[in-house]
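Enquirer: structure for the following, please:
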Amino acid sequence: MDRFVNFSDAVMAIAVTLLILPLTERAAGLHVYTYHAFVNAYGHLLLIFLLSFVVICRYWEVHHNLLGSLRTFNGVLFWLNAFWLLSIALIPFTSELIGNNRTNSVFINSIYIGSLTLTAYIGFAIHWVVVHSRTLQKSPSELPSSSWYGLVSAIGMTWALLLAILFPSIGVWSLLILIPLGYVSRLLRHRTVSHK
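Expert: This is a model prediction of the structure:
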């Protein structure tokens with residue numbers, strides 16, 4: 001189980017590190033000398049870097065806590081986790097695509113948000129398997145909540161994707177829909193815990 005968790009954490013750490021590499025490469029050719037020119041040249045890239053960094057760290061936190069509730073894993077969980085890590089490993093690539101997306105292309109926006117949506121749904125599937133496989137858990141009574149509140153995040157990502165496709169001018173700003181949905185998710189989590 002330790003090797004399972006450590007491998008997952010290592011993939012997450014590498015994905016977070018890879019996010020900065022495009023910015024590091026561009027820093028060598030940095031020829032701007034005012035704040036306005038810097039923000040104009042690199043502000044979009046920094047914003048995408050920070051957005052992707054926060055998203056990966058949030059996924060990491062939830063995933064790490066969930067794996068911490070397990071005493072073992074099975075084949076279904078192993079492969080779901082593998083596909084989830086694959087979707088995480090794609091985020092630096094899709095972040096680079098969106099960072100170069102100066103024309104606000106619907107296609108590029110949908111690839112970026114679509115990859116995050118895929119990660120959310122696989123994460124929900126992992127949570128569902130853990131909640132419904134008591135033999136995998138260290139202490140079934142201590143698992144913090146049901147799997148259904150994780151579906152709120154996945155559905156929110158789906159709405160963000162649809163908004164980005166239907167209203168191209170919104171672009172990645174459609175992800176802001178996740179902020180109020182985060183509160184809904186917390187409310188569901190607390191309600192589930194209070195009913196135990």
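
Enquirer: quick one: Arg26 from Ala41, how far?
Expert: Distance of Arg26 to Ala41, given as Cβ to Cβ, to the nearest Å: 9 Å. For every residue, glycine as well, the C-beta is placed using N, CA and C.

Enquirer: I should have written Val172 there, sorry.
Expert: 19 Å.

Enquirer: who has more neighbours out of the two?
Expert: The residue with more neighbours, out of Val172 and Ala41, is Val172; 20 against 13, by other Cβ atoms under 10 Å.

Enquirer: need the contact list for the more buried one.
Expert: If you count contacts by Cβ atoms under 8 Å, 6 or more residues apart in numbering, Val172 has them with 48, 51, 98, 109, 112-113, 164.

Enquirer: same deal with Ala15?
Expert: With contacts defined as Cβ under 8 Å, 6+ apart, Ala15 is in contact with 56, 88-89, 91-92.

Enquirer: mind checking the SS state of the closest residue to it other than its chain neighbours?
Expert: Counting by Cβ to Cβ, 6 or more residues apart in numbering, Ile88 is the residue found nearest to Ala15 once chain neighbours are left out, at 5.1 Å. Three-state call for Ile88 (DSSP: H, G, I helix; E, B strand; the rest coil): helix.

Enquirer: look up the pLDDT of Ile88 for me, please.
Expert: Predicted confidence (pLDDT) for Ile88: 95.

Enquirer: how far away is it from Thr94?
Expert: 11 Å.

Enquirer: the two: who's more crowded?
Expert: Taking other Cβ under 10 Å, Ile88 and Thr94 do not tie; Ile88 has more neighbours (25 against 20).

Enquirer: quick one on the thing from earlier: got a list of what the residue nearest to Ala15 touches?
Expert: Going by Cβ under 8 Å, 6+ apart, Ile88 touches 11-12, 15, 56, 59, 119.

Enquirer: gap between it and Tyr35?
Expert: Ile88 is 34 Å from Tyr35, where distance means Cβ to Cβ.

Enquirer: and what of Gly29?
Expert: In terms of Cβ to Cβ, Gly29 sits 18 Å off from Tyr35.

Enquirer: so for these two, which sits in the more crowded spot?
Expert: Remark: of Gly29 and Tyr35, Tyr35 carries more neighbours, 9 against 6, as counted by other Cβ under 10 Å.

Enquirer: pLDDT score for that one?
Expert: 78.

Enquirer: export the contacts of Ile88 to a markdown table and tack on secondary structure?
Expert: Below are these laid out as a markdown table (three-state DSSP):
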| residue | secondary structure |
| --- | --- |
| Val11 | helix |
| Met12 | helix |
| Ala15 | helix |
| Ile56 | helix |
| Tyr59 | helix |
| Thr119 | helix |
